[in-house]
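J.: Return a 3D structure for these sequence lines:
(one chain, ligands or ions: 2)
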Amino acid sequence: MNQFVDSHAHIDGKEYDADRDEVVERAREAGVCAILNVGTGDPNSGSLERAVEVAEKYENVYAAVGVHPHDARLFDEMAARRIHALIKESSRVIAWGEIGLDYHYDNSPRDVQREVFRRQLRLAREADLPVIVHSREAEDDTVNILREELKGSARGGVMHCFSGSRAMMESVVELGFMISFAGVITFKKAEDLRDVARHVPPERLFIETDCPYLTPVPFRGKRNEPARVVEVAKCLAEIRGLTVEEMGRQTTANFTSFFGLQISEEKSENASKL
Ligand SMILES: [Zn+2]
Ligand SMILES: [Zn+2]
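T.: Ligands and ions are numbered 1, 2, ... in the order given. Alright, predicted model coming up:
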């Protein structure tokens with residue numbers, strides 16, 4: 001069976017309340033051997049706890065917890081304590097995120113976004129966790145803040161749903177980041193992005209769905225789900241002149257080595273952190 005990893009999904013969302021078990025099962029059937037579920041929303045509403053709960057419920061589902069730039073204005077001491085508690089309680093929590101800057105929606109004031117981004121980068125570093133970074137229309141500020149805050153850090157992170165320039169890609173690769181592509185790469189108008197994808201070092205590539213958003217071609221308009229990460233792999237394989245199997249293997253190996261995980265190909269009882 002082919003192996004793929006959905007390195008960024010939001011399957012704890014209410015969009016899946018009616019059929020979450022089937023969604024996870026369909027992913028398995030499609031060859032998706034692991035999913036990283038990312039908690040978002042008001043950090044003091046129980047949303048992060050819920051993201052971890054969902055990860056704990058299924059085999060080979062991991063979690064990231066952090067405060068999204070949209071909710072930066074809601075980040076406080078209590079939120080930091082909740083995140084720390086989840087990291088301590090659950091071995092499924094493998095990253096701090098998603099954190100970053102979103103100047104497209106500006107749901108939180110930009111100065112607050114920048115401050116909260118820096119604070120979480122420092123906290124993740126103290127907790128010895130890699131970060132999952134969300135960056136939209138904020139290329140320069142993202143790279144500058146990462147450079148300042150992660151100087152000398154060994155853990156790096158993941159630039160999720162990458163949509164930036166080649167220069168940005170090269171800057172973050174230098175900082176030890178993985179570059180994760182989502183369904184956007186399959187969109188007709190994404191020619192520039194496909195060109196960037198052609199130049200990412202092979203050992204830095206990740207694939208993701210960011211579901212329920214960003215449904216890849218040819219399923220646009222429908223709810224997205226982890227099984228669809230295969231479409232992202234297909235597109236990336238074509239761009240890079242590989243088979244979809246090779247692309248799956250490469251990105252899965254990148255994921256397991258980056259996070260230090262052991263994931264068995266078939267269902268197993270002891271997939272665990274090394
Ligand atoms: Zn995001
Ligand atoms: Zn996301």
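J.: Leu214 against Val184, yeah?
T.: Yes: Leu214 lies in contact with Val184 (Cβ atoms under 8 Å); the separation is 5.8 Å. Bear in mind the C-beta positions are built from the backbone N, C-alpha and C, glycine included.
J.: Give the residues shared as contacts by these two.
T.: Cys161 (Cβ atoms under 8 Å, 6 or more residues apart in numbering).
J.: Assign the residue of the chain found nearest ligand 1 to helix, strand or coil.
T.: Closest contact between the chain and ligand 1, by Cβ to the ion, is at His134 (3.4 Å). Secondary structure for His134, judged by DSSP: H, G, I helix; E, B strand; the rest coil, is strand.
J.: which residues does it bridge with?
T.: Using DSSP bridges, the bridge partners assigned to His134 are Gly100.
J.: Average pLDDT for the strand or helix carrying Trp96, rounded please.
T.: Using DSSP states H and E, the element containing Trp96 is strand 93-102. Average pLDDT, strand 93-102: 98.
J.: relative to strand 93-102, how tilted is the helix or strand following that strand?
T.: The C-terminal neighbour of strand 93-102 among helices and strands, as given by DSSP H and E, is helix 110-126. With axes from the mean of the first three to the mean of the last three Cα atoms, to 10 degrees defining the directions, helix 110-126 sits at 160 degrees from strand 93-102.
J.: what's helix 110-126 packed up against?
T.: For helix 110-126, the elements it packs on are helix 77-89, strand 93-102, strand 131-136, helix 139-150, judged by 3 or more Cβ pairs under 8 Å, 6 or more residues apart in numbering; DSSP states H and E.
J.: among these, which is nearest Val230?
T.: Judged by Cβ to Cβ, the one of these that comes nearest to Val230 is strand 131-136, at 21.3 Å.
J.: Show which residues not belonging to that closest one make contact with it.
T.: 8, 36, 38, 64, 66, 68-69, 95-105, 120-121, 124, 142, 146, 155, 157-161, 163-164, 177.
J.: switch the cut-off to 7 Å
T.: 8, 38, 64, 68-69, 95-104, 121, 124, 142, 157-160, 164 (Cβ atoms under 7 Å, 6 or more residues apart in numbering).
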